[in-house]
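Trainee: Would you be able to build a 3D model of this:
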Amino acid sequence: MRLDIDYPYTSRVKSFIYTATGLRVSNDYLKNSKTIAKMINESPCQVEAHWFFTSKTIPDEELLALLNNDKHDVGIHIVNYPEKETRFLEAATGRKITYYTIHGTARLLGRIIWRRWKTKRPIIPSDFKVQSFHQFKTNSLDVVCHTHTVKRSIELAKEYAAEGHVLHFHPIWLFQRGKINHRGPFYETLRRILKVDKELETIAVKKKLFFKVASDTDEYARDVIPTSDFIEKLGERGIDIFTFIERKWCNTIFNPSEAWLKTEDNIALFQVTTYDEWWQNVGKKTRNMVRKAEKTGVTTEVVEPNEKLAEGIWKIFNETPIRQERAYPHYGVSLQTTTRSVFSAQNCTFIGAFFQDELAGFTQLIHGDKISIITQILALQKHLDKAVNNALIAKAVEVCATKKIGWLMYGRMGNHPALDKFKQSNGFSRFPVTRYYVPITKKGRIAVKIGLHREIKDVLPQPIKYPLIPIYNWISRNKMRIKLRLAS
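Mentor: Numbers count the residues shown, from 1 in each chain. Predicted coordinates for the structure are as follows:
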């Protein structure tokens, strides 16, 4: 790997100021470089990393300590004066410089900042004893990640490595996208190449105003209790707040940290014993709806992922842009994307409801520790009169009872009155859980202090929120209609 450390901060503006004036503008000097160095050190792969520093980006003691093993080599990224800059770097780091690269400041602003007045590129003396790293064929990973998906970027990186090429990137683009130079965030690609940070694989990040909130997509399926090392890693990766729930139905967190802010949340939960017990406890109306589905010819069964299932789900997704009085987010999804999603699903069961050999509806159960989670339950609107969704719920309960799964979850309650009523009629009840928020950075602490970390829908009292739901639905429907009109 070749790493050109030409700008030391995660912010281009801060880097420009520092490069032009030499003034330290914040305490995140070489932050991304340190993150990458830790990733390389933790990697089980055989890695050879060549770090090229300029005279303005000299590694500090912390980074030097991380580069103090046989995976790393320190080189000079020449800007103007090859011999002078090399001597300066060797004296500052105590390392013998073997290779050099040349900093390519083509734009006028870059030349002004780096004071490259006389020529576009420095002249390397004929007797210069440091070897050129430009002799090796390189491919820019940050450029690849700007254009391609993570999966494709990894495939290309493997192809380059097989051909003996060097992966080249700039740490400043680890998490951000360049608007002018067409370089993209390469953290996820690099993480998978190096086979590190597996504990972060299920982390989802949401940008809110001036801060970022991270959560674990598996927080309902397994216990998530963050350690100090885990929180530190999130902070290094630009996360300001981490949120997670306490799975009170099966586990209690004893002595939670005082730094964790506690709030109340809820889920729609049902304790599974046997199918017969569920059948006896649900109301007469629900039992009649399940019988109605059977009488009208609807059958339910567990379905293995296949092309036919994917096509049926795709048709359901694209039947209508409006569901439950609001815009449906999966409308317009391609068959290719749906197929990829179906075949890549893990630890789950697909249940299909069929009418005359057509997939009339489906639900997907995600299986976790002591719980299964209904992530989707949808039916073709032309078959809603056949109580398809009730039949799917009944089959889901049967599957959980057969698998000895103790709990079945169906989202949250309180944001959709009609859906809440459907859940309650099928045996689900509102189960209170504790949600924790862990402020990691200064921005995170500010956001938590002024209450910006929570969603508005979770802060509003029910007497105020419920009358606003029809307005929200109206706005959602019309936004979708405008979007479709503009696309046509």
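Trainee: quick one: secondary structure of Trp249?
Mentor: coil (DSSP: H, G, I helix; E, B strand; the rest coil).
Trainee: which residues touch the closest residue to it other than its chain neighbours?
Mentor: The spatially closest residue to Trp249, leaving aside those adjacent along the chain, is Trp407, at 5.8 Å (Cβ to Cβ, 6 or more residues apart in numbering). (Each C-beta comes from the backbone N, C-alpha and C, glycine too.) Listed by Cβ atoms under 8 Å, 6 or more residues apart in numbering, the contact set of Trp407 reads Trp249, Cys250, Leu269, Phe270, Gln271, Val272, Lys370, Ile371, Ser372.
Trainee: Can you say which of those are buried?
Mentor: Trp249, Leu269, Phe270, Val272, Lys370, Ile371, Ser372 (16 or more other Cβ atoms under 10 Å).
Trainee: For the fifth one, give its distance to Ser488.
Mentor: What it means is Lys370. Computed as Cβ to Cβ, to the nearest Å, the Lys370 to Ser488 distance reads 48 Å.
Trainee: any idea how far Thr243 is from the residue nearest the centre of the chain?
Mentor: For the chain, the residue sitting closest to the mean C-alpha position, by Cα atoms, centre = their mean, is Ala204 at 3.4 Å. Between Ala204 and Thr243 the distance, using Cβ to Cβ, works out to 10 Å.
Trainee: hang on, the earlier thing: host element of the residue nearest to the centre of the chain?
Mentor: Using DSSP states H and E, the secondary-structure element containing Ala204 is strand 203-208.
Trainee: Give me the residue ranges of this structure where confidence is low.
Mentor: Scanning the chain with the threshold set as pLDDT under 70 gives 106-110, 117-119.
Trainee: so where does the residue of it most remote from its centre fall, helix or strand?
Mentor: The centre of the chain is farthest from one residue, Asp127, which by Cα atoms, centre = their mean lies 49.9 Å away. Take DSSP H and E as the rule and Asp127 turns out to sit in neither a helix nor a strand.
Trainee: could you measure it against Pro82, distance?
Mentor: Relative to Pro82, Asp127 is positioned 11 Å away (criterion: Cβ to Cβ).
Trainee: swap in Arg191?
Mentor: Spatial separation of Arg191 from Pro82 under the definition Cβ to Cβ is 35 Å.
Trainee: Settle this for me: Tyr220 is touching Asp369, isn't it.
Mentor: No: because the distance of 9.8 Å does not satisfy Cβ atoms under 8 Å, Tyr220 is recorded as not touching Asp369.
Trainee: Between the two, tell me which one has more neighbours.
Mentor: Remark: of Tyr220 and Asp369, Tyr220 carries more neighbours, 21 against 15, as counted by other Cβ atoms under 10 Å.
Trainee: contacting residues around the residue lying closest to that one once chain neighbours are set aside?
Mentor: The spatially closest residue to Tyr220, leaving aside those adjacent along the chain, is Ile373, at 5.7 Å (Cβ to Cβ, 6+ apart). Residues counted as contacts of Ile373 (Cβ under 8 Å, 6+ apart) are Tyr220, Ala221, Leu365, Ile366, His367, Leu408, Met409, Tyr410.
Trainee: would Ile373 count as being in a helix?
Mentor: No: counting by three-state DSSP, Ile373 is not part of a helix but strand.
Trainee: how close does it get to Phe431?
Mentor: 13 Å.
Trainee: Tell me how far the closest residue to Pro171 other than its chain neighbours lies from Lys179.
Mentor: What sits nearest to Pro171 in space, not counting adjacent residues and going by Cβ to Cβ, 6+ apart, is Asn32, at 4.0 Å. For Asn32, the distance to Lys179 equals 18 Å [Cβ to Cβ].
Trainee: same check, this time on Pro305
Mentor: If you go by Cβ to Cβ, the gap between Pro305 and Lys179 works out to 39 Å.
Trainee: before we move on, back to that, got the contact list for the nearest residue to the residue nearest to the centre of the chain once chain neighbours are set aside?
Mentor: Counting by Cβ to Cβ, 6+ apart, Ala204 lies nearest to Thr217, which is 5.2 Å off, once chain neighbours are set aside. With contacts defined as Cβ under 8 Å, 6+ apart, Thr217 is in contact with Thr202, Ile203, Ala204.
Trainee: Put together a markdown table for these, with distance to Phe343 on each row.
Mentor: Below are the contacts of Thr217 laid out as a markdown table (distance: Cβ to Cβ, whole Å):
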| residue | distance to Phe343 |
| --- | --- |
| Thr202 | 19 |
| Ile203 | 23 |
| Ala204 | 21 |
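Trainee: Closest to Leu141 out of these?
Mentor: Taking Cβ to Cβ as the measure, Leu141 sits nearest to Ile203 out of the contacts of Thr217, at 21.2 Å.
Trainee: Hmm, Asp216 and that closest one touching each other?
Mentor: Yes: proximity of Ile203 to Asp216 meets the contact threshold set by Cβ under 8 Å, at 6.0 Å.
Trainee: What count of nearby residues applies to His103?
Mentor: Neighbour tally, His103, other Cβ under 10 Å: 20.
Trainee: Check whether it really touches Ile76, as I assumed.
Mentor: No: between His103 and Ile76 there is no contact under Cβ under 8 Å: 9.8 Å.
Trainee: The residue nearest to the centre of the chain and Ile241, how far apart?
Mentor: 13 Å.
Trainee: With Ile374 instead?
Mentor: Going from Ile374 to Ile241 by Cβ to Cβ gives 28 Å.
Trainee: out of these two, which sits in the busier spot?
Mentor: Set side by side, Ile374 and Ile241 show unequal neighbour counts under other Cβ under 10 Å, the larger going to Ile241 at 25 against 21.
Trainee: which residues does that one contact?
Mentor: Residues Phe211, Lys212, Val213, Ala214, Tyr437, Val438, Pro439, Ile440, Gly444, Ala447, Val448, His453 are the ones in contact with Ile241 under the rule Cβ under 8 Å, 6+ apart.
Trainee: Let me see the ranges of the strands in the stretch 201-350 of the chain.
Mentor: Taking DSSP state E, counting those that start in this stretch as the test, the strands found in the stretch 201-350 of the chain are 203-208, 211-216, 241-246, 261-271, 299-303, 322-323, 326-327, 348-355.
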